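J.: Next comes the sequence, and after it the predicted model I'd like to discuss.
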Amino acid sequence: MDTIRLSLRDVTRRFAGNAPAVDGVSLDIRAGETFTFLGPSGCGKTTTLRMIAGLEMPDSGEILLDGEPIVSAVKGVFAPPEKRRMGMVFQSYAIWPHMTVAENVAFPLRVRGAPRGDIGARVMAALGLVGLAEYADRPAPRLSGGQQQRVALARALVYEPAVLLLDEPLSNLDVKLREQMRVELRTLQQKLGLTLVYVTHDQVEALSLSDTVAVMNRGRVEQLGAPRELYERPATPFVRDFLGKSVTLKARVVANDDADTTVETEANVRLRCVSSDIAVGATVTVSIRPESVTLADGGARDNVLIGTIAALLYQGERSECEIRVGDEMIFTFVPASAALVRGQEIAVRLPPDRLFVWPA
């Protein structure tokens, strides 16, 4: 059975004169998993993380660490940050410029009164984990952005916290370094069996790093699940549109049974879709991920749309192909080597098992 490391129970946080920043959030985070709060600015993800860390006090609800309340509005419990067995890496890294790398990493141990004889070995062990042992005596300002991020990570790990909290830790890095650090962070988490609680607005980070993702919108958890589940089976239009691109078409339901739902588009093309419970005659939106749209071969007739290439955008290993079908535009990805030109007629297929129906 999975061990629950952290639990939130109906946690709410309000700021004066505004709607709740966090509105009744309840969820469990398992020991050893990477759990990500994902959403746009203002959705409540950072406020939730700050309440877990002890930097914000919820107005109601409770937070439990290993089954014991560290925050409970009803019981009057509020454990200070240094008593929560949690480490935190901020977006800004918060590296102290007047200290060396080793002194930065040692600081949390000194604050907690660790034995002086243990501090040096623990600092070097933490720096070794992030590949910075040889930089121990270097002044912190003489590090690159990626190295400073590693120092912040070592400082959060040095006292072996039960939970590691990360607030947009890669957002200040350039694209290539961000990709590298995603791999390193995931590798370190799995090697040490860390429980990570991660906040980001970056869908790629969330999908590639996480075991579980909570997509937040307006202070609430819109959907909770594994990355693949959320991407392939979004529960709401918000999750569908926030997690990557979608091709959408307006349509009307013309048949519905346990096998599939058939719709008719505004271009009078009938498409079979994943079965839904939407009534016949209803106006709907059908959606599919662009990577699921395929070029139709000569014999394909089922779920085929014919249109004209409106734009062909070269992206290196592939091109994004925008296709006008009647009054609507759809797009897909094609090999960069495909012999296609703007203005050309093209047929594409929308596989029925990847095409979903939504209320309009």
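T.: Thanks, I have it. Every value quoted in this text rests on a predicted model; they were computed, and no experiment measured them.

J.: Using the record's domain definitions, break this structure down for me.
T.: Under the assignment automatic domain parsing, the domains of the chain span 4-242, 247-359.

J.: now do the same end-to-end measure for the first one.
T.: For domain 4-242, the first-to-last residue distance is 28 Å (CA to CA, to the nearest Å).

J.: I'd like the mean pLDDT over that domain, please.
T.: Across domain 4-242, pLDDT averages out at 91.

J.: Could I get the contacting residues of Asp28?
T.: 4, 6-8 (CB atoms under 8 Å, 6 or more residues apart in numbering). From N, CA and C alone the C-beta is placed, and that goes for glycine too.

J.: what about Asp2, distance to Ala339?
T.: From Asp2 across to Ala339, the span is 51 Å (CB to CB, to the nearest Å).

J.: So those two - more neighbours on which side?
T.: Asp2 (9 against 6; other CB atoms under 10 Å).

J.: I figured Leu164 hits Ala53, correct?
T.: No: applying CB atoms under 8 Å, one finds Leu164 not in contact with Ala53, separated by 10.7 Å.

J.: tell me, what's touching these two both at once?
T.: 86, 88.

J.: who's more crowded, these two?
T.: Set Leu164 next to Ala53 and count neighbours by other CB under 10 Å: Leu164 wins out with 22 against 18.

J.: Show me what the helix or strand hosting the more buried one is packed against.
T.: Per DSSP states H and E: Leu164 is located in strand 163-167. Identification of packing neighbours for strand 163-167 by 3 or more CB pairs under 8 Å, 6 or more residues apart in numbering; DSSP states H and E yields helix 45-53, strand 86-89, helix 145-157, strand 196-200.

J.: winner for burial among the domains of the chain?
T.: domain 4-242 (a mean of 18; mean count of other CB atoms under 10 Å).

J.: ok now that domain, how far from the chain's centre?
T.: 13 Å (CA atoms, centre = their mean, to the nearest Å).

J.: Surely Arg240 is in a helix?
T.: Yes: assessed with DSSP: H, G, I helix; E, B strand; the rest coil, Arg240 lies in a helix.

J.: show me what contacts it?
T.: 234, 246, 287, 358.

J.: can you check Ala267 too?
T.: 305, 325-328.

J.: Could you save the helices and strands packed on strand 163-167 as JSON lines and add columns showing distance to Ala79?
T.: Formatted as JSON lines, the helices and strands packed on strand 163-167 follow (distance: least, CB to CB, whole Å):
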{"stretch": "helix 45-53", "distance to Ala79": "11"}
{"stretch": "strand 86-89", "distance to Ala79": "10"}
{"stretch": "helix 145-157", "distance to Ala79": "18"}
{"stretch": "strand 196-200", "distance to Ala79": "16"}
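
J.: quick one on the thing from earlier: JSON lines please, covering the contacts of Asp28 and showing distance to Val151 and secondary structure.
T.: As requested, the contacts of Asp28 are arranged in JSON lines below (distance: CB to CB, whole Å; DSSP: H, G, I helix; E, B strand; the rest coil):
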{"residue": "Ile4", "distance to Val151": "31", "secondary structure": "strand"}
{"residue": "Leu6", "distance to Val151": "25", "secondary structure": "strand"}
{"residue": "Ser7", "distance to Val151": "31", "secondary structure": "strand"}
{"residue": "Leu8", "distance to Val151": "30", "secondary structure": "strand"}
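
J.: re earlier: in helices, which of the contacts of Arg240 appear?
T.: Applying DSSP state H to those, no entry is found in helices.

J.: Can you tell me which of those residues is closest to Leu157?
T.: Checking those against Leu157 by CB to CB gives Pro234 as the nearest, at 34.2 Å.

J.: Look up phi and psi at that closest one.
T.: phi -60, psi 140 (degrees, to the nearest 10).
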